[in-house]
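**Student:** the amino acid sequence is not available; the structure is as follows:
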């Protein structure tokens, strides 16, 4: 009951006029920044951090958290309307969001994303309010072997669900992971895989470079070539009645994915160094696995949009938990928020809830208000985003190319990376022609920098003995599930063969 | 398509071998007291890529994939022309950034695409080609404080005018 009292006080604090105004501005700014390919919550929070010195620390963190919320909602917009995941957390949203948009059902995809994000955010807020200190200490029991097992599970969901062409999926995952190692070895500091001795590779290859190349250039070229430039996103007109019908359909066909994403997203989000991307990917995989119609996934299933969207919002709130209670940021954005808190004179950690309870509960209260504000603002702007799809494709396509190139430069500030985007785009076009799945490569380049150090640290801990992944109480079951998932296609193959042999 | 699939698998196998060779520039084994070397992770992953290419070739030989069963060409002449027009346009766009600035290259790319590929009217083409780069200039330079490449010296008068408006 004490917690409820604190929470009500926090919500009232967040509803004060200045805080409410900052929430509305923050969510709106975040929504548009998140919708822009190449820019994500981390850009928004970093750029607007200096502005927060004009207001008290409590209001400042509320403003930044609102930007974070808005950007998380916004990530789905470019995934659905342009087919480019604006941030790594929205990669899985592209799988079903884009097909829905191409079927003229962008509004259904965006409404599903908005509602799922809202539920994900709400579930995470409730968990956050009720169990913050307990969950934070549980998350600490995740060491390098557990995090690596989790990464293995994320990749396993892809292999296990990849259909028949497993070698191409494995190739794609390995390619993404190798590309993530280009630059410097993070442990020894030595230059590594500087391809063709080009100095630009010393800076490494960022996720956004591959994602924009694959989705912004490669996928667009493929679509133009396949459809001979005559894309029809049939009747994407929007009315209030149509939106209500979409909301009804989203609730009916996306509820399962929403709940799966909400729970998985939160628990993956609270783990230091894991974050929203593996959370959204795993939620997508699990939702597909438990679905009665898994064949609908990848072709425009509302559940396939709901699961990653609920997960990435839930994980965003979850990643605030280790930041506030332990001082460990769970994502780049929370790292900047943490920096802001330190500048404002607040010390994150277990004492924060005691020493600065008004600040903490004001922030938690603002999560609830931001979530509601983000839902309303997002729904209000959906007609604008859908309107974009009513443009003739010969206007939309060059706009997507332009946004891809300028967004790619904004993210990396390097011409080398722009050329890489073009090369990846052309390569992706040909790989796509031969049915190589490219999403696993994009996700692998995000998860690679988490997977490699945790694997090496684990092997160092065990003096090179890989059984460490099987003998620890948390890592063991996760590793076993991951291996079963990886072997799933082989088991299916054997089961298919048996009746043939009998007959 | 059939020939293309095996050719692509061969090319990717060669790339995998190159990556394995590059990975061996750092130790790929276990170093006592220091854990796996810096080349360990990329080496084994590149080996995974190579083995996957071999499996792809095996599937190709057994005609298991749609591409390996198809005797159709990779693309017809329309497809190649589209790739050349659109892909070539994007390559030219990026190449022009160092010459006429990011915003200049955007304007020229939009002009090329909208007018010559999209066959839109001059009014629409010029409206979008001029207004969008200006809008993007204010968004990136004034709001997001991100400077884009300004190209060669002859573009400076344009930037001087625009910066005078911002500051």
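**Tutor:** Thanks, I have it. Note that the structure is predicted; figures quoted are calculated from it, not measured.
**Student:** ok now do residue A:455, which residues does it touch?
**Tutor:** A:144, A:148, B:36, B:41 (C-beta atoms under 8 Å, 6 or more residues apart in numbering or on different chains). Glycine gets a C-beta too; all of them are placed from N, C-alpha and C.
**Student:** out of these, the closest to residue A:383 would be?
**Tutor:** residue A:148 (44.4 Å; C-beta to C-beta).
**Student:** longest helix anywhere in the chain?
**Tutor:** Went with chain A since none was named. Determined from DSSP state H, the single longest helix within chain A is helix A:106-140.
**Student:** try chain B instead
**Tutor:** Assigned via DSSP H, chain B shows its longest helix as helix B:88-111.
**Student:** is the lowest-mean-pLDDT helix or strand in chain B up against chain A anywhere?
**Tutor:** Using mean pLDDT, DSSP states H and E, helix B:66-69 stands out as the lowest-scoring helix or strand of chain B, at a mean of 84. Yes. Applying C-beta under 8 Å from any C-beta of the partner chain, one finds helix B:66-69 in contact with chain A at B:66-67.
**Student:** chain center to that helix, what's the gap?
**Tutor:** 26 Å (C-alpha atoms, centre = their mean, to the nearest Å).
**Student:** burial measure for residue B:25, as a count.
**Tutor:** 15 (other C-beta atoms under 10 Å in any protein chain shown).
**Student:** correction: the previous question concerned residue A:344.
**Tutor:** 15.
**Student:** for it, which residues are in contact?
**Tutor:** A:57, A:60-61.
**Student:** most surrounded residue in those?
**Tutor:** Result: residue A:61 is most packed of the contacts of residue A:344 (other C-beta under 10 Å), 25 neighbours.
**Student:** mind checking the SS state of that one?
**Tutor:** helix (DSSP: H, G, I helix; E, B strand; the rest coil).
**Student:** tell me how far it lies from chain B.
**Tutor:** Here residue A:61 is placed at a distance of 22 Å from chain B (C-beta to the nearest C-beta, to the nearest Å).
**Student:** didn't that residue look like it was pressed against residue A:359?
**Tutor:** Yes. In this structure, residue A:61 is within contact of residue A:359 by C-beta atoms under 8 Å, at 7.3 Å.
**Student:** any idea which helix or strand carries residue B:151?
**Tutor:** If you go by DSSP states H and E, residue B:151 is not part of any helix or strand.
**Student:** I'd like to know the phi and psi angles of it, please.
**Tutor:** phi 70, psi -150 (degrees, to the nearest 10).
**Student:** low-confidence regions, the stretch 51-200 of chain A specifically.
**Tutor:** Where the stretch 51-200 of chain A drops to pLDDT under 70, the residues are A:51, A:86, A:133, A:136-137, A:139, A:160-164.
**Student:** the helices in it, which residues?
**Tutor:** A:57-81, A:91-102, A:106-140, A:144-160, A:166-180 (DSSP state H, counting those that start in this stretch).
**Student:** who are the packing partners of the first one?
**Tutor:** Yep, that's helix A:57-81 we're talking about. Using 3 or more C-beta pairs under 8 Å, 6 or more residues apart in numbering or on different chains; DSSP states H and E as the contact test, the elements touching helix A:57-81 are helix A:17-35, helix A:41-48, helix A:91-102, helix A:106-140, helix A:302-326, helix A:332-343, helix A:357-389.
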